[in-house]
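> predicted coordinates and the sequence they were generated for:
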Amino acid sequence: MSLASCQEAWAKALSEGCFDGAESWIRSEGLPPHRRLWIYHNQLRIAWRDALEITYPAIVSLTGQRYFRRIARDYGRWHKALGGNLQDYGVCFPAYLAQRPEISLYPYLPDVARLEWARTESVAAAEEPGLSSQMLAGLDTAAWADLRLRLTASLRLVASAYPITRIWAAASGEGSHKDAARAALRQREAAAIIVYRQCRSVVMETATPPVWRWLLALQHGRRLPDAVALACEAATVLQIPFDLPDALAFAFERGLITAAV
């Protein structure tokens, strides 16, 4: 057996629990080969499970650890880590959660998971200094037509038909929020959330839908006038005002804008 074949069989044994190709080159001393391989396979599953528990503590709280570990086991079969760095292992977990039939009874869970993943990505994003609002003051009026505002790498935008920030707060042990979360769920209160890092801490805030839409357009590289037009469309539909100076002040105060190009 070539080295490449041995490595492939070893990887398959660890990730899938299929030991047929690897047993032949494992010594049988004390424990049979399949038992030896099972130890490594089981430890890998535990590492994957623990990585998910660290990333999604609110989901663990909402589902219970026992049931969460069942979901984590199934997720490990559905989505295998491709390397030793487990930082990105949970990236597909919200999508996986949404496709499980029983989760339809708790439709807010995938969105809470998306919020938790947004927090994880925000923590890992590169540090960037915010742009001073004074930088825009000297711009020629004609330049505004083609202006693009670059937003901080730590910004994540999450929208949900459910009050997921309140649910997250209740699941994270803030008992005073539990009644508010239940009341908001009964009212089907939607949420437009911005997640960003400030002073090494992750901040979650609810924005108005027009401001959220404006930030989303800027994040996708749209010119400032185009982003404003999209925000105004949302404002018209929802009958909520959108004011560009207020939106700019909101973004600058939080250090969300890092460049004007």
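In hand now; what should we look at?
> count the neighbours of residue 127 for me.
By the measure other Cβ atoms under 10 Å, the count of residues near residue 127 is 9. Just so you know, the C-beta spots here come from the backbone N, C-alpha and C atoms, and that holds for glycine as well.
> tell me which helix or strand comes right after the helix or strand hosting residue 234.
Here residue 234 sits within helix 224-238, counting by DSSP states H and E. Under the assignment DSSP H and E, the closest C-terminal helix or strand after helix 224-238 is helix 244-253.
> okay, buried residues for the helix or strand that that next one is followed by please.
As assigned by DSSP H and E, the chain's next helix or strand after helix 244-253 is strand 257-260. Neighbour counts over strand 257-260 (16 or more other Cβ atoms under 10 Å) mark 257-258 as buried.
> give me the contacts around strand 257-260.
The contact list for strand 257-260, computed with Cβ atoms under 8 Å, 6 or more residues apart in numbering, reads 128-131, 135-136, 139, 147-153, 248, 251.
> closest one of the residues you listed to residue 95?
If you rank the contacts of strand 257-260 by distance to residue 95 using Cβ to Cβ, residue 153 comes first, at 22.5 Å.
> so where's the protein shaky on pLDDT?
1-43, 80-86, 138, 174-181, 187 (pLDDT under 70).
> can you list the domains in it?
Following automatic domain parsing, one finds the domains of the chain at 1-106, 111-261.
> any idea which of those is most buried?
Counting by mean count of other Cβ atoms under 10 Å, domain 111-261 has the highest mean neighbour count of the domains of the chain, with a mean of 17.
> strands of the stretch 51-200 of the chain, start to end?
Using DSSP state E, counting those that start in this stretch, the strands of the stretch 51-200 of the chain run over 149-151, 156-160, 191-198.
> can you check which of those gets nearest to residue 104?
Closest among the strands of the stretch 51-200 of the chain, using Cβ to Cβ: strand 156-160, at 15.6 Å.
> so that closest one versus strand 191-198, what angle?
Here strand 156-160 runs at an angle of 160 degrees relative to strand 191-198 (axes from the mean of the first three to the mean of the last three Cα atoms, to 10 degrees).
> which elements pack onto strand 156-160?
For strand 156-160, the elements it packs on are helix 109-124, strand 191-198, helix 209-219, judged by 3 or more Cβ pairs under 8 Å, 6 or more residues apart in numbering; DSSP states H and E.
> show residues contacting the first one.
Under the contact criterion Cβ under 8 Å, 6+ apart, helix 109-124 has outside partners 55-59, 62-63, 87, 90-91, 93-95, 97-98, 103, 154-158, 160-162, 164-165, 167-168, 171, 193, 195-197, 202, 204.
> contacts for stretch 131-146?
By Cβ under 8 Å, 6+ apart, stretch 131-146 touches 147, 223-225, 248-249, 252, 257-260.
> among the contacts of helix 109-124, which ones are in helices?
Using DSSP state H, the subset of the contacts of helix 109-124 located in helices is 55, 57-59, 62-63, 93-95, 97-98, 164-165, 167-168, 171.
> reformat the strands of the stretch 51-200 of the chain as JSON lines; add distance to residue 232.
Shown next, in JSON lines, are those (distance: least, Cβ to Cβ, whole Å):
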{"stretch": "strand 149-151", "distance to residue 232": "17"}
{"stretch": "strand 156-160", "distance to residue 232": "18"}
{"stretch": "strand 191-198", "distance to residue 232": "16"}
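> so for residue 218, which of the ones you listed sits nearest?
Among the strands of the stretch 51-200 of the chain, strand 149-151 sits nearest to residue 218 (Cβ to Cβ), with 5.1 Å.
> that closest one: how far from the chain's middle?
20 Å (Cα atoms, centre = their mean, to the nearest Å).
> what do you get for stretch 216-231?
That offset, for stretch 216-231, works out to 22 Å (Cα atoms, centre = their mean).
> endpoint to endpoint, that stretch covers what distance?
9 Å (Cα to Cα, to the nearest Å).
> which residues are in contact with that stretch?
Under Cβ under 8 Å, 6+ apart, the answer for stretch 216-231 is 144-149, 151, 155, 157, 210-211, 213-214, 242, 244, 247.
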